[in-house]
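Undergrad: I'd like to go over a predicted model; first the sequence, then the structure.
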Amino acid sequence: MCTTKEIITVFCALCGKLLNMDREKALQLLSRHLKNENLLKHCLASEAIMRSLAKELNADIEKWGLAGLLHDLDFEKTKDDPASHTLVSSRILEDHGIDSETIKAIKGHNAEALGISRETKLDFALAAAETVTGLIIATALVYPDKKLESVKIKSISKRMKEKAFAKSVNREIIKECEHLGIPLERFIEISLKAMQEISHDLGL
């Protein structure tokens, strides 16, 4: 006969499975917490890159995609307090049954403000992916047609070296793609292609 503790453990495990989130539910959650259109597009771009990186590395595509999609879930609530960014998200995501590795990676993309370290491939992938979106978009916007389809890999690589261009984009974090065993140029190629594939959703 099961003890009360064992019953509670099994119940919690079942609840966790029931709470696991698919993309549709993640989008609904995102839309409840984020209203800024550009921020929503940033999350979609991050998701697209993360899914492509997962394919490249034979990782869990759905899991990596959700990490990209939900990484800035609390940004509108915490934008004036960087040290709390992702901490609010982590509590929300725990309540929705998101696994601890994904939550750790989401917190890890704000590692500098939280005083923690990135350790896993998922950690490094998310930080590099969500950061490179800014550089790619900034590069697209200097083209006459402002379209992602016009952007070339070499253009982004060139902008990487121009410190005055898109100054808020941390190049060192983008270079953390190398922790995945992916050279920078290949990472840029994967990221650009991923964003080009959803250019309609991004309005670029």
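TA: Structure received.

Undergrad: Please make it C-alpha for all contacts and neighbour counts, starting now.
TA: Fine.

Undergrad: so Ile116 sits right up against His109, yeah?
TA: No: using C-alpha atoms under 8 Å, Ile116 is not in contact with His109, being 9.8 Å away.

Undergrad: Just want the most central residue of this structure.
TA: Gly68 (2.6 Å; C-alpha atoms, centre = their mean).

Undergrad: so what does the host helix or strand of it touch, helix or strand wise?
TA: Assessed by DSSP states H and E, Gly68 sits inside helix 61-70. Applying 3 or more C-alpha pairs under 8 Å, 6 or more residues apart in numbering; DSSP states H and E, one finds that helix 61-70 makes contact with helix 23-33, helix 37-57, helix 100-108, helix 121-141.

Undergrad: got the angle for it vs helix 121-141?
TA: 60 degrees (axes from the mean of the first three to the mean of the last three C-alpha atoms, to 10 degrees).

Undergrad: Identify the residues contacting helix 61-70?
TA: 23, 26-27, 30, 43-44, 46-52, 54-55, 102-103, 105-106, 122, 126, 129-130 (C-alpha atoms under 8 Å, 6 or more residues apart in numbering).

Undergrad: Try it again at 7 Å.
TA: Contact partners of helix 61-70, identified using C-alpha atoms under 7 Å, 6 or more residues apart in numbering, comprise 23, 30, 43-44, 46-48, 50-51, 54-55, 102, 106, 126.

Undergrad: of the residues you listed, closest to Gly181?
TA: Lowest distance from Gly181 to the contacts of helix 61-70 (C-alpha to C-alpha) belongs to Ala54, with 12.6 Å.

Undergrad: Hmm, Lys121 and that closest one touching each other?
TA: No: the pair Ala54 / Lys121 is not scored as a contact, 10.0 Å apart, by C-alpha atoms under 7 Å.

Undergrad: any shared contact partners between these two?
TA: With C-alpha under 7 Å, 6+ apart as the test, Ala54 and Lys121 reach no residue in common.

Undergrad: ok, the contacts of helix 61-70 vs Ser150, which is closest?
TA: Ala48 (18.4 Å).

Undergrad: Any idea how many residues pack against the closest one?
TA: Around Ala48 there are 27 other residues, counting by other C-alpha atoms under 10 Å.

Undergrad: Out of the contacts of helix 61-70, which two sit at the greatest distance?
TA: Among the contacts of helix 61-70, Leu30 and Lys55 lie farthest apart (C-alpha to C-alpha), at 23.7 Å.

Undergrad: Tell me which of the two has more neighbours.
TA: Taking other C-alpha under 10 Å, Leu30 and Lys55 do not tie; Leu30 has more neighbours (19 against 13).
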